[in-house]
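*Asks:* the sequence isn't on hand, but the structure is:
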């Protein structure tokens, strides 16, 4: 996978690709989220999004989670309290900053989340199965490059 450096002005192809991606991304996200929630009954969408964020950013703060979810810290704290009560998240004081808490998935929460991700992967593979292998290989490579571009952008938002 090569490094992706954004051009100064997006090409026409970049605009067409962006339009397709903006249409496809929510559809794909809804599909994947539905598959995962099926394996985690009783979880709200907000709780699922919180678990997903904590899974990706192990040891994140309550404040960063509230910013990600677009809710106030007290609302986020209540949501996290429900996840703690469910036994899927831990909330511990940050030793470097006593005013902050650190969030992590419990071993049970991590196992549940990973099992749900695996189920979503399997269901997605069934949806993709009719496509020719050549298309799937090219798509996998292209998705890798897309992931790189978005990872770079997430790490450097001003780019």
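*Replies:* That came in fine, so what should we check first? Bear in mind the structure is a predicted one, so any value in this text is a computation, not a measurement. Numbering: from 1, shown residues only.

*Asks:* and the spatially most central residue of the chain, what does it touch?
*Replies:* In the chain, the centroid-proximal residue (CA atoms, centre = their mean) is residue 52; its distance is 5.3 Å. With contact taken as CB atoms under 8 Å, 6 or more residues apart in numbering, residue 52 is in contact with residue 113. C-beta: built from backbone N, CA, C; applies to glycine.

*Asks:* next secondary structure element downstream of the longest helix along the chain?
*Replies:* For the chain, the helix that runs over the most residues, judged by DSSP state H, is helix 12-39. Scanning forward in sequence from helix 12-39 by DSSP states H and E, the next helix or strand is helix 45-56.

*Asks:* list the buried ones in the helix or strand harbouring residue 112?
*Replies:* Per DSSP H and E: residue 112 is located in helix 107-128. In terms of neighbour count (16 or more other CB atoms under 10 Å), helix 107-128 has its buried residues at 109, 110, 112, 113, 116, 117, 120, 123.

*Asks:* now stretch 70-86
*Replies:* For stretch 70-86, burial by neighbour count (16+ other CB under 10 Å) applies to 71, 76, 79, 80, 83, 86.

*Asks:* over to stretch 92-110?
*Replies:* 101, 102, 103, 104, 105, 109, 110.

*Asks:* now do the contacts for the closest residue to residue 109 other than its chain neighbours.
*Replies:* Nearest residue to residue 109, sequence neighbours excluded (CB to CB, 6 or more residues apart in numbering): residue 88, at 3.1 Å. Residue 88 sits next to 51, 105, 106, 108, 109, 112, 113 when contact means CB under 8 Å, 6+ apart.

*Asks:* strand partners of the longest strand along the chain, parallel vs antiparallel please.
*Replies:* With secondary structure taken from DSSP state E, the chain has its longest strand at strand 97-105. Sheet neighbours of strand 97-105, with direction, are listed as strand 60-61 (antiparallel), strand 89-94 (antiparallel) (DSSP bridges).

*Asks:* which residues does it contact?
*Replies:* Contacts to strand 97-105, defined as CB under 8 Å, 6+ apart, come from residues 51, 54-55, 58-63, 65, 80, 88-94, 113.

*Asks:* thanks a lot, catch you later.
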